[in-house]
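Peer 1: everything below, folded, please.
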Amino acid sequence: MPKASAVKAAKKEIRRRSSLVSAMLEYRLTLFQEKPTAAESTDDILVTDLLADIRHFCDDHELDFGELDRRACGCYLKEIRRALGVA
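Peer 2: The predicted structure is shown next:
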């Protein structure tokens, strides 16, 4: 089981990354023209748009989005386990 300090550091890192994504979404909101429908939130639209932009980036740089997304999921799960103290 990880030390409490390692769990605390992992939680802090997740909060930092979440803040970074929030800042990116706020920036996207300033560029966004479309209003969300009643069935979707602004956050839903912004995350969808951001993911689409990442797919375009991958296409432009000949990167395999599916493979990178699979790896990102693994990183995400590892970070969550670390933050929960379940190494």
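
Peer 1: is the residue positioned nearest the centre of the chain within a helix or a strand, and which one?
Peer 2: In the chain, the residue lying closest to the centroid (C-alpha atoms, centre = their mean) is V21, at 6.1 Å. Taking DSSP states H and E as the definition, one finds V21 inside helix 4-31.

Peer 1: how much space between I14 and Y76?
Peer 2: From I14 across to Y76, the span is 9 Å (C-beta to C-beta, to the nearest Å). In this view, the C-beta of every residue, glycine as well, is placed from N, C-alpha and C.

Peer 1: next one: A4
Peer 2: As judged by C-beta to C-beta, A4 and Y76 stand 22 Å apart.

Peer 1: same question for M24.
Peer 2: In terms of C-beta to C-beta, M24 sits 17 Å off from Y76.

Peer 1: S5 too?
Peer 2: S5 sits 22 Å away from Y76, going by C-beta to C-beta.
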